[in-house]
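Novice: build the 3D model from these lines:
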Amino acid sequence: MGRVTTARFLTPLQVQDIDGNKWQLLAPLVLWHQKVYYTAPPGFVTDLASIPRIVFWRTKSGKYNEAAVIHDCLYQ
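Specialist: Okay, here's the model as predicted:
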């Protein structure tokens with residue numbers, strides 16, 4: 001049986017609110033997962049999660065913000 005690896009963020013999420021709907025990275029956000037580094041560069045703009053307005057209040061709290069940034073960067 002193989003060893004289980006856990007994804008982890010190596011840098012903190014540092015963003016600046018642009019207009020209440022979009023945020024800009026102030027520093028790189030680095031994720032390490034299965035021996036691969038994923039980096040969202042400084043200056044990258046994200047909406048943190050593309051979801052209907054009705055549930056907007058539940059996602060901007062911070063619990064999944066790092067994952068949302070990496071997702072947006074990879075699928076841009």
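
Novice: against Thr46, how distant is the residue nearest to Val15 when sequence neighbours are not counted?
Specialist: Leaving aside its sequence neighbours, Val15 sits nearest to Trp23 (Cβ to Cβ, 6 or more residues apart in numbering; 4.0 Å). (Glycine included, C-beta is placed from N, CA and C.) Distance, Trp23 to Thr46, using Cβ to Cβ, to the nearest Å: 6 Å.

Novice: make sure Ala68 is indeed in a helix.
Specialist: Yes. Per DSSP: H, G, I helix; E, B strand; the rest coil, Ala68 lies within a helix segment.

Novice: surely it is in contact with Thr46?
Specialist: Yes. Between Ala68 and Thr46 there is a contact under Cβ atoms under 8 Å: 6.7 Å.

Novice: neighbour-wise, which of those two wins?
Specialist: Ranked by neighbour count (other Cβ atoms under 10 Å), Ala68 and Thr46 place Thr46 first, with 23 against 20.

Novice: sorry, back to before: what residues are shared contacts of Trp23 and Thr46?
Specialist: Val15 (Cβ atoms under 8 Å, 6 or more residues apart in numbering).
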